[in-house]
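Student: Model the structure of this input:
(chains A and B)
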Amino acid sequence: DVKVTQSSRYLVKRTGEKVFLECVQDMDHENMFWYRQDPGLGLRLIYFSYDVKMKEKGDIPEGYSVSREKKERFSLILESASTNQTSMYLCASSFGRGGNYEQYFGPGTRLTVT
Amino acid sequence: QKEVEQNSGPLSVPEGAIASLNCTYSDRGSQSFFWYRQYSGKSPELIMFIYSNGDKEDGRFTAQLNKASQYVSLLIRDSQPSDSATYLCAVGNTGGFKTIFGAGTRLFVKA
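Tutor: Numbers count the residues shown, from 1 in each chain, chains lettered A, B, ... in the order given. Alright, predicted model coming up:
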């Protein structure tokens, strides 16, 4: 079974703090994704990566950055957390390059910025 | 127009009935279509994927694809209360790396 893990299930941070969210997958998948999910807005893609050290902006990259130093690990960084970044953050991975492969999600991190 | 549209629901069906969930998409060149189930407070999990026109069955679930109408549906036979969840339709976009997700349909199965 594919396993995608995320570093925290719940996180509370203060405005202006730098926040790191980590994601690890154990199936040698090429693609990795970061989404945020908010009520009524569905899943919105923040960044994705199709290879080590490669990254591409998704639909809402502002205020975020990412790092992929190893194939199995994809980190999301909030440079200066703001209250409007309070959300559920979901990491996913998929085999093969492209959007035509099924994605496997981690358990999610519920981030609250106060 | 949203790229992937779903009725937000809630869709309420009695236990044992067939639940029918629908999704339309705008990119005519889309090639892959997925259904995910998401329980409240949990992350999405893949139920089915379909690539070709027609029906694909897996247990109580049937995915139906009509590319000419740009329409994909999920049927759940013999619905159970444990099927109560939000169902996300997702579409692999043409030539890109992204999968586009719909906002989801909430399903309630009444015991």
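
Student: Check the secondary structure at B:Ser82 for me.
Tutor: Three-state call for B:Ser82 (DSSP: H, G, I helix; E, B strand; the rest coil): helix.

Student: Nearest spatial neighbour of it, chain-adjacent residues omitted?
Tutor: Nearest in space to B:Ser82, with sequence neighbours left out and distances taken as Cβ to Cβ, 6 or more residues apart in numbering or on different chains, is B:Val109 at 7.8 Å. Every residue, glycine included, has its C-beta placed from N, CA and C.

Student: Mind giving me the packing neighbours of the lowest-mean-pLDDT helix or strand in chain B?
Tutor: The helix or strand with the lowest mean pLDDT-type score in chain B, counting by mean pLDDT, DSSP states H and E, is strand B:99-101 (a mean of 90). On a contact count with 3 or more Cβ pairs under 8 Å, 6 or more residues apart in numbering or on different chains; DSSP states H and E, strand B:99-101 meets strand B:32-38, strand B:85-92.

Student: got the CA coordinates for the first one in CSV?
Tutor: Included here for strand B:32-38 are C-alpha records, laid out as CSV according to Å, rounded to 0.1, in the frame of the first residue of the first chain:
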residue,chain,number,x,y,z
SER,B,32,-8.5,10.5,-17.1
PHE,B,33,-11.2,10.7,-14.5
PHE,B,34,-11.2,9.9,-10.8
TRP,B,35,-13.6,9.6,-8.0
TYR,B,36,-12.4,10.1,-4.4
ARG,B,37,-14.3,9.7,-1.2
GLN,B,38,-13.6,12.0,1.8
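
Student: which bits of chain B sit near chain A?
Tutor: When proximity is defined by Cβ under 8 Å from any Cβ of the partner chain, chain B lies next to chain A at B:31-32, B:34, B:42-46, B:49, B:88, B:90, B:92-93, B:96-104.

Student: picking that back up, and the least confident helix or strand of chain B, how far from the chain's centre?
Tutor: Chain-centre distance of strand B:99-101: 12 Å, with Cα atoms, centre = their mean, to the nearest Å.

Student: go on, stretch A:57-67?
Tutor: Offset of stretch A:57-67 from its chain centre (Cα atoms, centre = their mean): 9 Å.

Student: Can you give me the end-to-end span of that stretch?
Tutor: 12 Å (Cα to Cα, to the nearest Å).

Student: what's the model's confidence in that stretch, averaged?
Tutor: Stretch A:57-67 carries an average pLDDT of 95.

Student: Pull the residues that contact it.
Tutor: A:33-36, A:44-49, A:55, A:74-80, A:82, A:85, B:98 (Cβ atoms under 8 Å, 6 or more residues apart in numbering or on different chains).

Student: Skipping adjacent residues, who's closest to A:Tyr47 in space?
Tutor: The shortest distance from A:Tyr47 to any non-neighbouring residue, by Cβ to Cβ, 6+ apart, is to A:Val66 (4.4 Å).

Student: I am finished for the moment; much appreciated.
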